[in-house]
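Visitor: Return a 3D structure for these sequence lines:
(one chain, ligands or ions: 1)
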Amino acid sequence: MPPKLDPGANAPGATDPGRIRNFGIIAHIDHGKSTLADRMLQLTGVVDPRQMRAQYLDRMDIERERGITIKSQAVRMPWTIREGERAGEQAVLNMIDTPGHVDFTYEVSRSLAACEGAVLLVDAAQGIEAQTLANLYLALENDLRIIPVLNKIDLPAAQPEKYAEELAHLIGGDPADCIRVSGKTGEGVPYLLDEIVRQFIPPVGEAEAPARAMIFDSVYDVYRGVVTYVRVIDGRISARDRIKMMSTGAVHELLEIGVISPEMVKAEALGVGEVGYLITGVKDVRQSRVGDTVTINSRPAAEALGGYKDPKPMVYSGLYPIDGSDYPNLREALDKLKLNDAALDYEPETSGALGFGFRCGFLGLLHLEIIRERLEREYNLDLISTAPNVVYRAIQDDGEEIVVTNPSEYPTGKIAEVYEPVVRATVLTPNDYVGAVMELCQGRRGSLLGMDYLSADRVELRYTLPLAEIIYDFFDQLKSRTKGYASLDYEPSGEQASDLVKVDILLHGEPVDAFSAIVHKDKAYNYGVTIAAKLRTLIPRQQFEVPIQAAIGSRVIARETIRAIRKDVLAKCYGGDISRKRKLLEKQKEGKKRMKMVGRVEVPQEAFIAALSSDSGDGKAAGKK
Ligand SMILES: Nc1nc2c(ncn2[C@@H]2O[C@H](COP(=O)(O)OP(=O)(O)OP(=O)(O)O)[C@@H](O)[C@H]2O)c(=O)[nH]1
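Guide: Numbering: from 1, shown residues only. Here you go, the predicted structure:
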């Protein structure tokens, strides 16, 4: 038995780094990370059973509603080994829950940089999926130890034996070493916690060296200002220190320092290997950048830690307030969200159709939807977002290069070459659907890089695909063609020269910049016809006839017409109940607020996002299923 510790020994700042284990849980979406995290919170006693709720760590409303994790979370939990030779040994676990969606891979890599180990969680009824692989590779890149775990063993459809083989094949080792758990019932979770202490290595750092801590997340809190999450690598930061950001040299007073367990708990200090938060009272969101190194002003470190790769926006869209006077509020809201989200990029732009707004860069469509939803909910803004597009690079005949993040900026002069971003996509699918997946990828201008059998019935297909071809509804199509069995992951893989043209959409003879799109030449006609037809159904009839045209330059390639009519909301109201009539007219007026005048034509907000998705147009193309 190890010696009994005095009660203060587990306190932040006083914990022996040898007892700390920093780990992440990585998994494909829906394989049960958040549920497993819930069980760990309960078993380690940091959450009172009466206060337990599902997905405890998913704090944002959107996360709960959609059942997905967007932001990483870090929680400190005490654990005493229960079984085996080392029973009774006390440890402090810092668990970092990470998001699973492909848009948020950068959050995963940031969190993993703060860990020594990763629990690789796989659904025992599903097996390895595309993001299992992607996350595993990220963990290996960060030199993490891996504990393979099969989850959901309580499900009747679980096949732990089969998938333990698959997992062992993937990471090497014995299938018997895969730990089997149920996040739902808690079975196997205490053993997993024991193994985390036994298998993962404690953090190493120099306790006597000048302090260095890495910022792995930074959140703006309306009540507390900027809350910065750090992992201390060397030295010690105490509540009385003045801290210094190494990239800018800015010095700040520390108002508070502490750990998350699972609410904020103030502490005296944070020592080597510890994970916690700092509050400095800084209001400017750009002062506390993710990836920066924090040191102490009175005894600064000489060298910063290696930062993170800055996430690069992949998809651009214009965000415009419906009410033009909200423009300054939108700017402020974006400033605040940016702190939470290093990947969000924005700059002001004006649109002939939509007025003043921002061109915003996102990691993908889900990211876009979430930012828009947060702006609307948390900042009370009514917004229109334009059809998303990727970033193009056009080289003009005179050699000048133009980077196009907005199709309306596409140069009109002679263009020698246009480059578009491509991704390396990995699709995992059961054998039966290989044909369907190949057909889809080929239809999207993909070229096959390779194909491997992971097991007798599971195939990994690797493709190069233009990013533009997958951002709209590729995932939905993939799911529907494979009855939901295929999974997708992709990473940027440079660019390629392509034969692209700009298609303009004209409403009532006026080009609507927000609807312009850059598409492959072979698809331009199809695109024009589809969008024109779609807009005809999305734009309500007006009091005059509205032609919708699609054109390349001055050549019209498609045309539809919206016939004239005024919607008479009072048609069904006979008799003289004036209050009811007034109510209906009020309601009609309300509805119109979400319309935008484009020239003389009223365009509903949905048209802007729905026009380019080839599903029902409800903007869910990037959703999780
Ligand atoms: N039967 C059973 N269901 C589980 C288990 N663990 C999780 N689930 C269910 O699987 C679904 C996904 O679980 P989550 O914990 O939200 O998955 P996640 O991996 O955190 O998902 P993201 O945060 O979106 O990446 C939920 O409906 C859970 O109730 C388990 O051990 N057994």
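
Visitor: Looking at the stretch 351-500 of the chain, what residue ends up closest to the ligand?
Guide: Per Cβ to the nearest ligand atom, residue 366 is where the stretch 351-500 of the chain lies closest to the ligand, at 10.6 Å. Where C-beta positions appear, they are placed from N, C-alpha and C, glycine not excepted.

Visitor: In this structure residue 532 contacts residue 550, no?
Guide: Yes. With contact defined as Cβ atoms under 8 Å, residue 532 counts as touching residue 550 (5.1 Å).

Visitor: Now for the two: what residues contact both?
Guide: 505, 558, 559 (Cβ atoms under 8 Å, 6 or more residues apart in numbering).

Visitor: could these go into JSON lines alongside secondary structure and neighbour count?
Guide: Below are these laid out as JSON lines (DSSP: H, G, I helix; E, B strand; the rest coil; neighbours: other Cβ atoms under 10 Å):
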{"residue": "505", "secondary structure": "strand", "neighbour count": "24"}
{"residue": "558", "secondary structure": "strand", "neighbour count": "20"}
{"residue": "559", "secondary structure": "strand", "neighbour count": "15"}
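
Visitor: just those residues now: which is nearest residue 303?
Guide: Nearest to residue 303 among the shared contacts of residue 532 and residue 550 is residue 505, at 53.6 Å by Cβ to Cβ.

Visitor: burial of the residue nearest to that closest one when sequence neighbours are not counted, as a residue count?
Guide: In space, and not counting its chain neighbours, residue 505 is closest to residue 515: 3.8 Å by Cβ to Cβ, 6 or more residues apart in numbering. Applying other Cβ atoms under 10 Å, we find 26 residues neighbouring residue 515.

Visitor: pretty sure residue 515 contacts residue 528?
Guide: No. Judged on Cβ under 8 Å, residue 515 makes no contact with residue 528 at a distance of 10.8 Å.

Visitor: So for the helix or strand harbouring the residue of the stretch 351-500 of the chain closest to the ligand, what gets flagged as buried?
Guide: Secondary structure assigned from DSSP states H and E places residue 366 in helix 365-378. For helix 365-378, burial by neighbour count (16 or more other Cβ atoms under 10 Å) applies to 365, 366, 367, 368, 369, 370, 371, 372, 373, 374, 375.

Visitor: List the neighbouring strands of whichever helix or strand residue 347 is part of plus their orientation.
Guide: Using DSSP H and E, residue 347 falls within strand 345-351. Here strand 345-351 has these sheet partners by DSSP bridges: strand 355-362 (antiparallel).

Visitor: Would you mark the buried spots in the partner strand?
Guide: Buried residues in strand 355-362, counting neighbours by 16+ other Cβ under 10 Å, are found at 355, 356, 357, 358, 359, 360, 361, 362.

Visitor: pLDDT-wise, what's the bottom of those?
Guide: In terms of pLDDT, residue 355 ranks lowest among the buried residues of strand 355-362, with 81.

Visitor: That one pairs with what?
Guide: If you apply DSSP bridges, the partners that residue 355 bridges to are residue 351.

Visitor: And the one 4 residues further on, by the same measure?
Guide: For residue 359, the beta-bridge partners are residue 318, residue 347 (DSSP bridges).

Visitor: can you tell me which residues contact it?
Guide: Going by Cβ under 8 Å, 6+ apart, residue 359 touches 316, 317, 318, 346, 347, 348, 349, 405, 406.

Visitor: With residue 227 instead?
Guide: So residue 227 contacts 218, 219, 220, 221, 277, 278, 279 (Cβ under 8 Å, 6+ apart).

Visitor: and residue 422, what element?
Guide: Here residue 422 is assigned to strand 415-430, by DSSP H and E.

Visitor: pLDDT averaged over that strand - what is it?
Guide: Confidence over strand 415-430 (mean pLDDT, whole number) is 91.

Visitor: Adjacent strands (with direction) for it?
Guide: Partner strands and pairing direction for strand 415-430 (DSSP bridges) are strand 392-396 (antiparallel), strand 458-466 (antiparallel), strand 487-497 (antiparallel).

Visitor: tell me what the helix holding residue 366 is packed against?
Guide: Under the contact criterion of 3 or more Cβ pairs under 8 Å, 6 or more residues apart in numbering; DSSP states H and E, helix 365-378 touches helix 61-66, strand 315-321, helix 327-340, strand 355-362, strand 383-385.

Visitor: Direction-wise, compare that helix with strand 355-362 and give the angle.
Guide: Put simply, helix 365-378 runs at 130 degrees to strand 355-362, going by axes from the mean of the first three to the mean of the last three Cα atoms, to 10 degrees.

Visitor: then helix 365-378 to PDB, C-alphas only?
Guide: Taking Å, rounded to 0.1, in the frame of the first residue of the first chain, the C-alpha atoms of helix 365-378 are listed here in PDB:
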ATOM      1  CA  LEU A 365     -20.700  24.100 -43.200                       C
ATOM      2  CA  LEU A 366     -21.500  22.900 -39.700                       C
ATOM      3  CA  HIS A 367     -19.100  25.500 -38.300                       C
ATOM      4  CA  LEU A 368     -20.900  28.100 -40.400                       C
ATOM      5  CA  GLU A 369     -24.300  27.000 -39.200                       C
ATOM      6  CA  ILE A 370     -23.200  27.000 -35.600                       C
ATOM      7  CA  ILE A 371     -21.600  30.500 -35.700                       C
ATOM      8  CA  ARG A 372     -24.700  31.900 -37.400                       C
ATOM      9  CA  GLU A 373     -27.000  30.200 -34.800                       C
ATOM     10  CA  ARG A 374     -24.800  31.500 -32.000                       C
ATOM     11  CA  LEU A 375     -24.900  35.100 -33.400                       C
ATOM     12  CA  GLU A 376     -28.600  34.900 -33.600                       C
ATOM     13  CA  ARG A 377     -29.200  33.400 -30.200                       C
ATOM     14  CA  GLU A 378     -26.500  34.800 -28.000                       C
END
